[in-house]
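In: predicted coordinates and the sequence they were generated for:
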Amino acid sequence: MTGVRKLSRAEATAYGFLTVTLVFCLLPFVWVVLASVDPNAALFLSLPKAITADHFVKIFTAENGGRWFFNSLVTVGATTALVIIVGGMGGYALSRTNAWWKRPFLYAIILVRVLPPTALIVPLYKVMLISNGVMDALVRSIVPPDSIRSAMQIFGFVDGYLGLILVLSAMQLPLALWIIKTFFDLTPKDYEEAALMDGANVFQRIRRILVPLALPGLGAAGLLTFIGAWGDFLMPLTFISSSNLQLLPIGLFRAFQRANTIDYGYLSALALLYMLPAVVAFGLARRFLVQTFAGGIKG
Amino acid sequence: MALTYETRVAWQNRMLLVPALVLLACFILIPAGAAIYISFTNEALSGLAAAHPQLVGLKNYVRLFSDDGFWNSLVVTAFFVFGSSIVGQFVLGLASAMALSRPIAFRPVFNAAILLPNAVPEVVAGFIWISMLAGGKYSTVSRIVALVGIPPQNWLGSLPLLMIIVVNTWRGIAFAMILMTSGLSAVPTEVYEAARMDGATPHQIFWRITLPLLRPTIFLYMLVSTAGTIAIFGLIYTLTRGGPGGATEIIGIYIYNQSFTAYQLGYGSAVAVIMLGVSVAIGTVYVRVLKVQV
């Protein structure tokens, strides 16, 4: 027969291996997708007899899911913005400087990146407690007594958003600095110098030249920061306790721990909603992924 | 005072780095230093020592050596790192990279499927794997292995360490695959053609050409992946919290449990200092051996 090429043994092996791997990778997701539309969802895989959107509706109407989602968006969004700004400034300086501290600084970034957050969590907790005390005194001296509590939920370091945002930012910053620095290394100095000659001041140079040039680098750093902070479990677990401040990962985790009253359909819908932004960001960031761990290796 | 242009730029660069430095100092460097200090005290979250922590010298470190929980966590961590990142992710990641380097139909589909587990947050990964593993004969894994006659069981109870290795392998194939793909693409195709001309078998090509040429990439992968695997927390915490009976208590989970469940901050910090030391050692090897370009 013409037109049909017989698979070589190597090709057949490749297809076989890839198919098994594909099943291994996707099988766990089958349950969460089916359960999220199954009115009688249980912990175990089964084909739904009917299909419903109730679980998704419930996230935003009846239960806390919508609130957790919103809280996560706010804190992770703020973290991403902060890292882009701070990392953009620092990455630019690291790229342009030739000072003696450049090399030690960059090596230090690599070392800081490998420090496991779990090993830092205890002293970090103390730093946060002390900062929280200072902030509490500050807030008390400015804000009227009846709104201290709500102000501390925003500006507090323990059980408050500001502290969580700063910690998440610090954790994501080394990678962002590295990516943005590498990116600025590839952008020519000529444009800046031309603008300088034409009499543009610092702010004009940043707004008109640097930011447009650096946009892909800042975007990559922003995406990876978002993915890292969105998926982080340890920091919200340790530093957020009020239920109205809770983030999605912890809300999901706690709801799943309530052994007897688990609504699997609802939690599956929530888990899908939670993973969606991360998967989208991951898809967009894919071509930058080699950089994230190859950090600095040529090629 | 008139500053020269160079001095002004130099100061500008320093100023631009200040916010980044402040963040890193407050939330990473100072805590790392404080961990070392706290590890020499008897600090606790509750009780007498909570009010007046005192320096106790090397007592916490001495205690480490005779603490079964600590040794257990080291052994569990070693198995976990070896099983999931050195063996599981690496073998499957390299095989996937090699299979996908061929002109294969549906390549984007295979690629996306392998990347997906890496893209989902740890809690979601834990959540969906509990459905795969928990619940005896109704769990998905039990139903699959029943086809080959293996009796159903509560997998996270009977084989906990193996199960977290499987789950972490599942999550990290993509990580290895991406790096190996970039390593493979750096190997010139002429090398393979020449080998084939000389009549080398696929087996010989793999062991004599592919693997040796990939060695720097593999080494890089081993370092980064080991450092990353040691630091895993959320995935195991959502699956088992380190249980049953410490069977999956890798060192990060052990620190967390000692500090926030047993309230022994000083002792927990001593374990943390060991962990920091190991990580810094890995990072130093990375910087030195690979001669990172800056």
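Out: Structure's in. What do you need?
In: report how many residues lie close to B:Asp67.
Out: B:Asp67 is flanked by 17 other residues according to other Cβ atoms under 10 Å in any protein chain shown. Using the backbone N, CA and C atoms, a C-beta is placed for each residue, glycine as well.
In: can you read off the pLDDT for it?
Out: If you check B:Asp67, the pLDDT there is 86.
In: is chain B contacted by the helix or strand encompassing A:Gly77?
Out: Under the criterion DSSP states H and E, the helix or strand holding A:Gly77 is helix A:65-96. Yes. Against chain B, helix A:65-96 shows contacts by Cβ under 8 Å from any Cβ of the partner chain at A:85-87, A:89-90, A:92-94, A:96.
In: is chain B within reach of the next helix or strand after that helix?
Out: Moving toward the C-terminus from helix A:65-96, the next helix or strand (DSSP H and E) is helix A:102-114. Yes. Remark: helix A:102-114 sits within contact range of chain B at A:102-103, A:105-107, A:110-114, by Cβ under 8 Å from any Cβ.
In: show me how to select, in ChimeraX, the buried members of those.
Out: Buried residues within the residues of helix A:102-114 next to chain B, by 16 or more other Cβ atoms under 10 Å in any protein chain shown, are selected in ChimeraX with:
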select /A:102,105,106,107,110,111,112,113,114
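In: next, the contact list for the residue lying closest to B:Gly157 once chain neighbours are set aside, please.
Out: Once flanking residues are discounted, B:Gly157 sits nearest to B:Pro244: 5.9 Å by Cβ to Cβ, 6 or more residues apart in numbering or on different chains. For B:Pro244, the residues meeting the contact criterion (Cβ atoms under 8 Å, 6 or more residues apart in numbering or on different chains) are B:156-157, B:160.
In: give me the pLDDT for the residue nearest to the spatial centre of chain B.
Out: The centroid of chain B falls nearest to B:Thr229 when counting by Cα atoms, centre = their mean (1.2 Å). In the predicted model, B:Thr229 carries a pLDDT score of 91.
In: now swap in the one 3 residues further on and tell me
Out: Turning to B:Ile232, the model gives it a pLDDT of 92.
In: my read is that it contacts B:Arg171, right?
Out: No. B:Ile232 is not in contact with B:Arg171 according to Cβ atoms under 8 Å; the separation is 9.1 Å.
In: tell me where the model's unsure across chain B.
Out: Scanning chain B for pLDDT under 70 picks out the ranges B:1-3, B:46-51, B:290-294.
In: what about the strands in the stretch 101-250 of chain B?
Out: Here the stretch 101-250 of chain B has no strands by DSSP state E, counting those that start in this stretch.
In: residue of it closest to chain A, please.
Out: Minimum separation of the stretch 101-250 of chain B from chain A (Cβ to the nearest Cβ) falls at B:Gly234, amounting to 3.1 Å.
In: may I ask you to confirm that that residue is in contact with B:Phe127?
Out: No. Applying Cβ under 8 Å as the test, B:Gly234 and B:Phe127 come out as separate, 11.1 Å apart.
In: those two: who's more crowded?
Out: In this comparison of B:Gly234 against B:Phe127, neighbours counted by other Cβ under 10 Å, the higher total goes to B:Phe127 at 27 against 22.
In: residues touching that one, list them.
Out: A:32, A:252, A:256, A:267, A:271, B:238.
In: what's the lowest-pLDDT member of those?
Out: The member of the contacts of B:Phe127 with the lowest model confidence is A:Phe256, at 82 (criterion: pLDDT).
In: so how far is the helix or strand hosting that one off the chain centroid?
Out: Assignment of secondary structure by DSSP H and E places A:Phe256 within helix A:248-257. Distance of helix A:248-257 from its chain centroid, counting by Cα atoms, centre = their mean, to the nearest Å, is 18 Å.
In: does stretch B:272-281 reach chain A?
Out: Yes. Judged by Cβ under 8 Å from any Cβ, stretch B:272-281 comes into contact with chain A through B:272-273, B:275-276, B:279-280.
In: quick one: A:Ser147 and A:Ile240, what's the gap?
Out: With distances taken as Cβ to Cβ, to the nearest Å, A:Ser147 is found 20 Å from A:Ile240.
In: low-confidence stretches in the stretch 1-150 of chain A?
Out: Low-confidence segments of the stretch 1-150 of chain A (pLDDT under 70): A:1-6.
In: re earlier: which one of A:Ser147 and A:Ile240 has more residues nearby?
Out: Each of A:Ser147 and A:Ile240 had its neighbours counted (other Cβ under 10 Å), and the higher figure belongs to A:Ile240 (22 against 10).
In: those strands in chain A, which residues are they?
Out: Taking DSSP state E to define them, one finds no strands in chain A.
In: grab the nearest non-local neighbour of the closest residue to chain B within the stretch 151-299 of chain A.
Out: Nearest residue of the stretch 151-299 of chain A to chain B, counting by Cβ to the nearest Cβ: A:Phe233, 3.1 Å away. Spatially, and ignoring its direct neighbours in sequence, A:Phe233 is nearest to B:Gly234 (3.1 Å; Cβ to Cβ, 6+ apart).
In: if you rank the contacts of B:Phe127 by neighbours, which is first?
Out: Each of the contacts of B:Phe127 was scored for neighbours by other Cβ under 10 Å, and A:Ala271 scores highest at 28 neighbours.
In: so how far is B:Tyr221 from it?
Out: 30 Å.
In: A:Ser268 now?
Out: Per Cβ to Cβ, A:Ser268 is found 34 Å from B:Tyr221.
In: same deal with A:Trp31?
Out: Distance check for A:Trp31 against B:Tyr221: by Cβ to Cβ, it reads 31 Å.
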